[in-house]
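J.: have a look; sequence and predicted model below, questions after that.
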Amino acid sequence: MTANVFERIREACARVARRAQSVRLDPARVEALGRELARAVSGPILDDPAHRSFREPETTLAFVLTLDAINFGSGWFPLLQKRPGMSGYFSIATALEEHFAARGAWRADELASLTTRDCARCFGQERAASEVGELMSLYAQALNDLGRFLSVDYGGRFSGPVEEAGGSAARLVECLASMPLFRDVARYGEFDVPFYKRAQITVADLANAFGGRGPGRFEDLDALTLFADNLVPHVLRCEGVLHYAPSLERRIERGELLPSGCPEEIEIRALAVHAVEGCVEAARRAGGETSAHRIDALLWHRGQRPEYKALPRHRTRCTYY
């Protein structure tokens, strides 16, 4: 087994791609999309609250770590009380941004004591469907975990894990993955498939929020993989890169929830990671300088367009995306 977490992710996803039964990729479409993205890697993307800089660097750091601790819930988002014109993610992220702007960051000890009701109030979900209460409970658990993690290991300092990582994205990912709800590893047959979506996106968000300096400087930033969720695979499917078995298509079209860790769900995420690796190679052959995390940003923001939102994508209720 290789030591580097990003190599482990890539190797496991490639292994799933070789065995997948319900999802396959189209190499010709991978090549075509990669060449297209080679011309778009520097294009504008939507404003993301995760990239906001507050006046105090410590507040910016606290915001990114707090937001990415709860950067999940897409399986519940159809039931979420959303802001007008906003998706589930932007509704939650904007609510947290407003909390920080008005009241400042929660301290580590405050995070450790937040309740489900506190989260429902902060994120405007007090009148949401009853199932959303489960999500608010998981948000409270994730924030409690973050508070205890910071208090026990770093004296309550948000800068602690970043300092320990010492400019290594791989070390920060593995450090964050010590928290239970960050431990994004699935079992496929006889082997483990790590994804670490939220731990990886924390690195990318820090890099964006700090402009690649200070807490946002990572020497191995371009080693990040795709942040495997349910939106980028959906975009890849719409682009003809991924193809699903008819039975899986029907389940998704009916709005059926895919259990977290089921073979089909793992295949969707793993083949998306593997497809984006192919897109990176194709983009570079076409003369573009890019990486998996840059392509992720382009495809994720492409997925915010109405024509992509209008089509059903897979939904899974988990703490990973």
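T.: Good, I have the coordinates. Numbering: from 1, shown residues only.

J.: can you get me a residue count around the nearest residue to Glu31 once chain neighbours are set aside?
T.: Once flanking residues are discounted, Glu31 sits nearest to Ala282: 4.7 Å by Cβ to Cβ, 6 or more residues apart in numbering. Where C-beta positions appear, they are placed from N, C-alpha and C, glycine not excepted. For Ala282, the count of nearby residues is 21 (other Cβ atoms under 10 Å).

J.: swap in Ala101?
T.: 12.

J.: could you say which helix or strand holds it?
T.: Ala101 is located in helix 88-103, with elements delineated by DSSP states H and E.

J.: next, the buried residues of that helix.
T.: 88-93, 95-97, 99-100 (16 or more other Cβ atoms under 10 Å).

J.: please tell me how far it is from the chain's geometric centre.
T.: The chain centroid and the centroid of helix 88-103 are separated by 17 Å, computed with Cα atoms, centre = their mean, to the nearest Å.

J.: other residues contacting that helix?
T.: For helix 88-103, contacts defined as Cβ atoms under 8 Å, 6 or more residues apart in numbering pick out 48-50, 52, 54, 59, 62-63, 66-67, 70-71, 73-74, 76-77, 80-83, 86, 122-124.

J.: phi, psi for Ala186 please.
T.: The phi/psi pair for Ala186 (degrees, to the nearest 10) reads phi -110, psi 160.

J.: now Glu277: how far from Ala292?
T.: Per Cβ to Cβ, to the nearest Å, Glu277 is found 6 Å from Ala292.

J.: same question, Gly156
T.: Gly156 is 33 Å from Ala292, by Cβ to Cβ.

J.: between those two, who's got more neighbours?
T.: In this view Gly156 and Ala292 are compared by other Cβ under 10 Å, and Ala292 has more residues nearby, 22 against 16.

J.: for that one, what are phi and psi?
T.: According to degrees, to the nearest 10, Ala292 has phi -60, psi -40.

J.: just to revisit the earlier point, quick check: neighbours shared by Glu277 and Ala292?
T.: Joint contacts of Glu277 and Ala292 (Cβ under 8 Å, 6+ apart) are 225-226.

J.: where does the prediction get shaky in this protein?
T.: 1-3, 41-46 (pLDDT under 70).

J.: and the strands in it?
T.: 23-25, 185-188, 191-194, 242-244 (DSSP state E).

J.: got the buried residues for the second one?
T.: Read that as strand 185-188. So for strand 185-188, counting by 16+ other Cβ under 10 Å, buried means 186, 188.

J.: swap in the third one?
T.: Using 16+ other Cβ under 10 Å as the test for burial, strand 191-194 gives 193-194.

J.: which other helices and strands does that strand contact?
T.: helix 5-19, strand 185-188 (3 or more Cβ pairs under 8 Å, 6 or more residues apart in numbering; DSSP states H and E).

J.: just put these in a markdown table and tack on distance to Val235.
T.: Formatted as a markdown table, these follow (distance: least, Cβ to Cβ, whole Å):
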| stretch | distance to Val235 |
| --- | --- |
| helix 5-19 | 17 |
| strand 185-188 | 21 |
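
J.: need the winner for burial among these.
T.: Highest mean neighbour count of the helices and strands packed on strand 191-194: helix 5-19, a mean of 19 (counted as mean count of other Cβ atoms under 10 Å).

J.: gap between it and the chain center?
T.: 18 Å.

J.: go on, stretch 266-286?
T.: 16 Å.

J.: export the strands of the chain to CSV and tack on distance to Pro161?
T.: Formatted as CSV, those follow (distance: least, Cβ to Cβ, whole Å):
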stretch, distance to Pro161
strand 23-25, 34
strand 185-188, 19
strand 191-194, 19
strand 242-244, 34
